[in-house]
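**Q** model the structure of this input:
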Amino acid sequence: FALLGLRKQIKLAIELVKEAGRTVRKMPMALFYPLFTYALSFVMFIYFLSVATYIITSSATADSLQETYNFPNASFDMDTLTDVAEAAQAELLANDTIVAYNSTEAETNDLVRGLFVYHLFGYFWVSEFIKAIGMLTIAGAICSDYWITNDALRPNSPVAQSFVRAIRYHAGSAVYGAAVIAIIRLWRAFMMYVDKQTQELQKANKAAMIAMKLIHCCLWCLEKIARYISNAAYIMIAIEGRGFCVSAWRSFKLLFSNSLRIATTESIALLIIWLANIGITMCCVMLTMLALNNLPMYTCIGLEAGEDCTSYVDNALIPSIFVGITSFMIAYCFMQVYGMAITTILLSFCLDEDKFKNGQYKEKLNDEGVPDGRMFCVLRGKIGLIKLVSPNIAKEQEALEASQEKFAVEQAKLALAAKGGARP
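**A** A predicted model of the protein is given here:
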């Protein structure tokens, strides 16, 4: 009965998946863009680890100088640092060894902890900014196929041009949205640190342990909600080009007014995407095991006389596991583009329908400057989406379609008449 009640939403989800496939097929470079995002994120992670190592292992602070080398009024001037370097070198030469790093000093030193927190927040901020630019790029490329009706204005390289637009016009919005997520992530990291430091208290006090679990749960939910609204805001930014706060508010109202349609559609789309990920991974693993267990070059069975068996595989399980992990990661990257395309087309369709309902298309002109109040999904010929609009709107669209065709026929007749009258 639940499936019968949600049959319209299921049809919408299926049509959105089909439409996302058709749209992505027009811009195949969009499938490879997540590799660029993950590469930048990996470089940023390596940078974070390197700088964090330097920060945590640093000991040239006033407190450590006073305690280790007995300088009563240690400071960061050049004379003091020179004396410290000479004393450390003399100690190394005398002991013929390297002094071990004391992690307790880094945990208790306020300057080291402050620098680490500052660096951690910077890492969160930059990594979220990279993700935001990626979402703006994919959403902008998908939106160009939905909202641009003039083929002459459609970009030749939608992904590249969308990336340029995101950097040139929407970098500030991406920075703002990334800062919101970064603050929440830093808050979660701080509470994880507090959780670690209060383990003994939580063992003795069940109420404290339950309160800490509740705080972690609330912060996790807050991050998920903020991410969802930010993703929708990035799509609205790609569509309308407004700021982050305005786009977030407009996307929230759009999500709220179409809550049942969007929730059902995205749930079904998420299920389809995960089934695709699992199916691709299983197919790759099965093909790998079949090849390693049956091909003569891997089993050394059925080889011709004198032919060397240099590619023999004794156990096909380990290579199959490696292929499964690799194929899942690649499938996950590619299917993320489909997921973003589905969400972008869904919000575009809901916004298109909402604008028509509010009468914002009454004075809309087409590329020839003629009034044309049809929805953009009708103008772009997206048949699957046209069938899913409400019955009243569908009737109005059919009437507008008939009037546009009648107007085009009349214009063609006038043009022919004018051409015939102009002949000598």
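
**Q** for this protein, what's the longest helix?
**A** Taking DSSP state H as the assignment, the helix of the chain that covers the most residues is helix 317-357.

**Q** packing partners of that one?
**A** Counting contacts by 3 or more C-beta pairs under 8 Å, 6 or more residues apart in numbering; DSSP states H and E, helix 317-357 packs against helix 7-26, helix 33-56, helix 110-147, helix 206-240, helix 244-257, helix 259-294, helix 376-379, helix 391-421. Yep, even glycine has a C-beta here, placed from its N, CA and C like the rest.

**Q** export those helices to JSON lines and tack on mean neighbour count and mean pLDDT?
**A** Formatted as JSON lines, those follow (neighbours: other C-beta atoms under 10 Å; pLDDT from 0 to 100):
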{"stretch": "helix 7-26", "mean neighbour count": "18", "mean pLDDT": "79"}
{"stretch": "helix 33-56", "mean neighbour count": "14", "mean pLDDT": "91"}
{"stretch": "helix 110-147", "mean neighbour count": "21", "mean pLDDT": "90"}
{"stretch": "helix 206-240", "mean neighbour count": "17", "mean pLDDT": "92"}
{"stretch": "helix 244-257", "mean neighbour count": "17", "mean pLDDT": "90"}
{"stretch": "helix 259-294", "mean neighbour count": "16", "mean pLDDT": "86"}
{"stretch": "helix 376-379", "mean neighbour count": "22", "mean pLDDT": "70"}
{"stretch": "helix 391-421", "mean neighbour count": "12", "mean pLDDT": "68"}
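
**Q** make TSV from those and add distance to residue 314 to it.
**A** Putting the helices and strands packed on helix 317-357 into TSV (distance: least, C-beta to C-beta, whole Å) gives the following:
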stretch	distance to residue 314
helix 7-26	41
helix 33-56	33
helix 110-147	42
helix 206-240	45
helix 244-257	55
helix 259-294	10
helix 376-379	57
helix 391-421	63
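
**Q** among these, which comes closest to residue 344?
**A** For residue 344, the closest of the helices and strands packed on helix 317-357 is helix 110-147, at 4.3 Å, according to C-beta to C-beta.

**Q** how distant is that closest one from the center of its chain?
**A** Centre-to-centre, helix 110-147 and its host chain are 10 Å apart (C-alpha atoms, centre = their mean, to the nearest Å).

**Q** ramachandran angles for residue 361?
**A** Phi and psi for residue 361, reported as degrees, to the nearest 10, are phi -100, psi 0.

**Q** what residues are up against it?
**A** Neighbouring residues of residue 361 by C-beta atoms under 8 Å, 6 or more residues apart in numbering: 355, 373, 374, 375.

**Q** the second one falls within a helix, correct?
**A** Right, residue 373. No. Read with DSSP: H, G, I helix; E, B strand; the rest coil, residue 373 is coil and lies in no helix.

**Q** please tell me I have it right and it contacts residue 360.
**A** No. When contacts are counted by C-beta atoms under 8 Å, residue 373 is not listed as touching residue 360 (9.4 Å).

**Q** neighbour-wise, which of the two wins?
**A** Per other C-beta atoms under 10 Å, whichever of residue 373 and residue 360 has more neighbours is residue 373, with 20 against 11.

**Q** which non-adjacent residue is nearest the more buried one?
**A** Leaving aside its chain neighbours, residue 373 sits nearest to residue 361 (4.4 Å; criterion: C-beta to C-beta, 6 or more residues apart in numbering).

**Q** pLDDT wise, what is that neighbour at?
**A** For residue 361, the pLDDT comes out at 72.

**Q** roughly how far apart are it and residue 239?
**A** Using C-beta to C-beta, to the nearest Å, residue 361 is found at 15 Å from residue 239.

**Q** number of residues surrounding residue 29?
**A** Around residue 29 there are 12 other residues, counting by other C-beta under 10 Å.

**Q** surely it and residue 156 touch.
**A** No. Residue 29 is beyond contact range of residue 156, at 11.3 Å (criterion: C-beta under 8 Å).

**Q** next one: stretch 160-180 to chain centre, how far?
**A** Distance, centroid of stretch 160-180 to centroid of chain: 13 Å (C-alpha atoms, centre = their mean).

**Q** next one: stretch 315-332
**A** Distance, centroid of stretch 315-332 to centroid of chain: 24 Å (C-alpha atoms, centre = their mean).

**Q** what is the rounded mean pLDDT of it?
**A** Here the average pLDDT along stretch 315-332 is 88.

**Q** buried ones in it?
**A** For stretch 315-332, a neighbour-count test (16 or more other C-beta atoms under 10 Å) marks 316, 319, 320, 323, 324, 327, 328, 330, 331, 332 as buried.

**Q** gap between the residue lying closest to the first one once chain neighbours are set aside and residue 46?
**A** On the basis of C-beta to C-beta, 6+ apart, the spatially nearest residue to residue 316 that is not a chain neighbour turns out to be residue 292, at 3.8 Å. The gap separating residue 292 from residue 46 is 34 Å, by C-beta to C-beta.

**Q** how close does the residue nearest to residue 373 get to residue 19?
**A** Plainly put, residue 361 is 21 Å away from residue 19 if you go by C-beta to C-beta.

**Q** what does residue 143 give?
**A** 13 Å.

**Q** ok, residue 375 next?
**A** Counting by C-beta to C-beta - residue 375 and residue 19 are separated by 14 Å.

**Q** kindly report the same for residue 138.
**A** From residue 138 to residue 19 the distance is 15 Å (C-beta to C-beta).

**Q** repeat for residue 147
**A** Counting by C-beta to C-beta, the gap from residue 147 to residue 19 is 14 Å.

**Q** ditto for residue 363
**A** 28 Å.

**Q** cool, and residue 262?
**A** On the measure of C-beta to C-beta, residue 262 and residue 19 end up 15 Å apart.
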